[in-house]
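Asker: Sequence first, then the predicted structure, then my questions.
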Amino acid sequence: MREVAIVAFAQTPYVRSEQERTETEMLAPVIREAVGRSGIDAKAIGFTVSGSSDYLAGQPFAFVQALDAVGAWPPIRESHVEMDGAWALYEAWLRLQCGDVDSALVYAFGKSSLGDIRDVLTLQLDPYCVAPLWPDSVSVAALQARALLDSGRYSERDFAAVAARSRRDARANPAAQLAGDADADALFAEPYVVAPLRKHACPPISDGAAAVVLAAGELARRVCERPAWVRGIDHRIEPHQLGMRDLTRSPSTRLAAERAGAFDASPDIAELHAPFAHQELILRDELALPAGTAVNPSGGALAANAVMVAGLARIGEAAQRVMAGEARRALAHATSGPCLQQNLVCVLEA
Amino acid sequence: MSDPYAVVARPVRLDYTYTAGTASSRFLRAIMQRRLLGSRCPSCAKVYVPLRTSCPTCGVEMGEDVAVSDRGIVTTFCIVNIPFPGMAVKPPFAAASVLLDGADIPIFHLIQEIPAEEVRMGLRVEAVWRPDDEMEPSMESIRHFRPTGEPDAPFERYKDHL
């Protein structure tokens, strides 16, 4: 395998509703910041790939407009995934394995605020038997949370503890939307949104964008003092039909982690893309994270959850800590779909 | 034998709040004053109309706003012969790319007050604005473009803007 590293990361501050700027206007400064930090000339980037969803904007081919932020002339090698930007990063990593290009720009953007995100996400469900019933995203997650409670492994207080820790950690993250000195008992006193999920156990609705620059081998060493090397990356998917799987487990996460070499050594930090508090608990179990691993020091998706961006941001946050010397080995996880349907695991090392 | 397939109707309705953005908002506000705003790229020096915040060619932040003329040149056009529901004008009519004086990128609009078959590349045209009480922040505040009567522009003048 060719050595590939993350050499730069940038993201917007996440907000409940970005009403002034279009997605492209929101994205352009982030791309310039990431490319600027990478030290690689924008025109020398070998491959560009993005992740976003037209369902968020409610416009077909909305992602094409985002190319204004890149500058696609002379023609560039470019691709797009209708998925979280973490999967765009996977494609970029794969592209760099081909060996003919040495650098890649990956970006993701999303305004979750434009439509009713709970309904928009319903459209990712099975269109024949499930989606016509219009179960919204919080209700579907609540089914999973209920199953987890019934398994006896965790309680609703555990959900509140995850949320409280996320918000406290998010205080050190200038990009976070939801941060504060939260007390788990106070959060636990909130009413249910959809039982057994209270507001704190659900992600905020966020608008934002993120960008990552990847470089291979010598180029990475030349442009970055301490590159975050991708030691392993893999993604796996569960059956589409919710009834076909044990919602309290995530075998796809475990398998992706195995393939990415996540179990070879303990990470110093782990950035887990768990939009709902109970999902972090499921992921921690599957990844067998030891007590010494700091989980979601950025605050995670409970602090900001720009749909299509939050997964890439987990990888970027993890890489940032490796590049800054705060971690030697980091694990990043991204998810997509209802109830942790699809999962990606990426292992980074200094 | 049972039906080989079934059709399931599943109506989907989602409502969205669209954001015009900073660039389009400035452009549309200027329209209300019968001004057409573009922006100049500091890298390639091209003037894009409507104005935008990034140069799609260079990927850099746009420079100054540039007011362009409401007169220009038909660079290319098509004749619409087939009516469709909601059509504003009666076919046949010409839909054209109009390179406004001072701009490098043509805009799209209707050409009227001339028989459709006489519309041609190089034709000099000017905007016909709606009356004050009908103005709104939309390209429809220009009702259409019409010939100015000036001599046609030579091909050399617009060959790089097609």
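Answerer: Ah, there it is.

Asker: Look up the pLDDT of residue 119 for me, please.
Answerer: Here I'm looking at chain A. At residue A:119, the pLDDT value in this model is 95.

Asker: that's the wrong chain, I meant chain B
Answerer: Reading off the model, residue B:119 has pLDDT 97.

Asker: Measure how buried the nearest residue to it once chain neighbours are set aside is and give me the count.
Answerer: With sequence-adjacent residues excluded and distances taken as Cβ to Cβ, 6 or more residues apart in numbering or on different chains, residue B:119 is closest to residue B:94, at 4.0 Å. No exception for glycine: its C-beta is placed from N, CA and C like everyone else's. Other residues within reach of residue B:94, judged by other Cβ atoms under 10 Å in any protein chain shown, total 24.

Asker: Residue B:111 versus residue B:94, what's the distance?
Answerer: To residue B:111, residue B:94 is 4 Å away according to Cβ to Cβ, to the nearest Å.

Asker: For the residue of chain B found nearest chain A, list the residues it contacts.
Answerer: Nearest to chain A, among the residues of chain B, is residue B:59, at 2.1 Å (Cβ to the nearest Cβ). Contact analysis of residue B:59 by Cβ atoms under 8 Å, 6 or more residues apart in numbering or on different chains lists A:31, A:42, A:68, A:69, A:70, A:71, A:72.

Asker: And residue B:64, by the same measure?
Answerer: Counting by Cβ under 8 Å, 6+ apart, residue B:64 has contacts B:39, B:40.

Asker: rewinding a little: shared neighbours, residue B:94 and residue B:111?
Answerer: With Cβ under 8 Å, 6+ apart, residue B:94 and residue B:111 have common neighbours B:77, B:119.

Asker: show me where the chain has helices.
Answerer: Went with chain A since none was named. Applying DSSP state H to chain A gives helices spanning A:23-38, A:54-57, A:62-65, A:85-97, A:117-120, A:137-150, A:156-170, A:184-188, A:217-223, A:251-259, A:277-287, A:310-323.

Asker: Oops, wrong one, chain B.
Answerer: Using DSSP H, helices in chain B cover B:21-31, B:155-158.

Asker: Now do the shortest one: everything it contacts.
Answerer: By that I understand helix B:155-158. For helix B:155-158, the surrounding residues in contact (Cβ under 8 Å, 6+ apart) are B:73, B:75, B:99, B:121, B:122.

Asker: how about a cut-off of 6 Å?
Answerer: By Cβ atoms under 6 Å, 6 or more residues apart in numbering or on different chains, the residues outside helix B:155-158 that reach it are B:73, B:75, B:99.

Asker: Which one (most neighbours) among those?
Answerer: The most neighbours, when the contacts of helix B:155-158 are compared by other Cβ under 10 Å, belong to residue B:99, which has 25 neighbours.

Asker: so what's it bridging to?
Answerer: Counting by DSSP bridges, residue B:99 is bridged to residue B:73.

Asker: what sits against it?
Answerer: Counting by Cβ under 6 Å, 6+ apart, residue B:99 makes contact with B:72, B:73, B:75, B:106, B:158, B:161.

Asker: And these, which is closest to residue A:140?
Answerer: The shortest approach to residue A:140 among the contacts of residue B:99 belongs to residue B:106, at 47.9 Å (Cβ to Cβ).

Asker: What about the closest one, how many residues nearby?
Answerer: Using other Cβ under 10 Å as the criterion, residue B:106 is surrounded by 20 other residues.

Asker: quick one: it and residue B:148, what's the gap?
Answerer: Residue B:106 is 16 Å from residue B:148, by Cβ to Cβ.

Asker: do the same with residue A:196
Answerer: Applying Cβ to Cβ, the value for residue A:196 to residue B:148 is 71 Å.

Asker: Worst mean pLDDT among the helices of chain A?
Answerer: helix A:62-65 (a mean of 88).

Asker: name the helices or strands packed onto that one?
Answerer: If you count contacts as 3 or more Cβ pairs under 6 Å, 6 or more residues apart in numbering or on different chains; DSSP states H and E, helix A:62-65 packs onto no helix or strand.

Asker: which other residues reach it?
Answerer: So helix A:62-65 is contacted by A:24, A:52, A:54, A:80 (Cβ under 6 Å, 6+ apart).

Asker: List the buried residues for it?
Answerer: By neighbour count on 16 or more other Cβ atoms under 10 Å in any protein chain shown, the buried set for helix A:62-65 is A:62, A:63, A:65.

Asker: Check stretch A:50-64 too.
Answerer: A:50, A:51, A:52, A:53, A:55, A:56, A:57, A:58, A:62, A:63.

Asker: and what of stretch A:280-289?
Answerer: Buried positions in stretch A:280-289, judged by neighbour count with 16+ other Cβ under 10 Å: A:280, A:281, A:282, A:283, A:284, A:285, A:286, A:287, A:289.

Asker: before we move on, what about stretch B:83-93?
Answerer: Neighbour-count burial for stretch B:83-93 [16+ other Cβ under 10 Å]: residue B:93.

Asker: So which residues make contact with that stretch?
Answerer: With Cβ under 6 Å, 6+ apart as the test, stretch B:83-93 has contacts from B:79, B:80, B:81, B:116.

Asker: quick one, what contacts the residue nearest to residue A:142 when sequence neighbours are not counted?
Answerer: Once flanking residues are discounted, residue A:142 sits nearest to residue A:194: 4.3 Å by Cβ to Cβ, 6+ apart. Residue A:194 makes contacts with A:138, A:139, A:142, as judged by Cβ under 6 Å, 6+ apart.

Asker: In the sheet, which residues pair with residue A:194? Tell me.
Answerer: Going by DSSP bridges, residue A:194 forms beta bridges with residue A:197.

Asker: Could you tell me which residues of chain B lie near chain A?
Answerer: Contact residues (Cβ under 6 Å from any Cβ of the partner chain) of chain B with chain A: B:10, B:14, B:16-17, B:19, B:21-22, B:53-54, B:56-59.

Asker: Could you double-check that residue A:34 lies in contact with residue A:7?
Answerer: No. Between residue A:34 and residue A:7 there is no contact, the gap being 9.3 Å when judged by Cβ atoms under 6 Å.

Asker: Could you tell me how many residues sit around the residue lying closest to residue B:102 once chain neighbours are set aside?
Answerer: Nearest non-adjacent residue to residue B:102, counting by Cβ to Cβ, 6+ apart: residue B:68, 3.8 Å away. The tally of other residues near residue B:68 (other Cβ under 10 Å) stands at 22.
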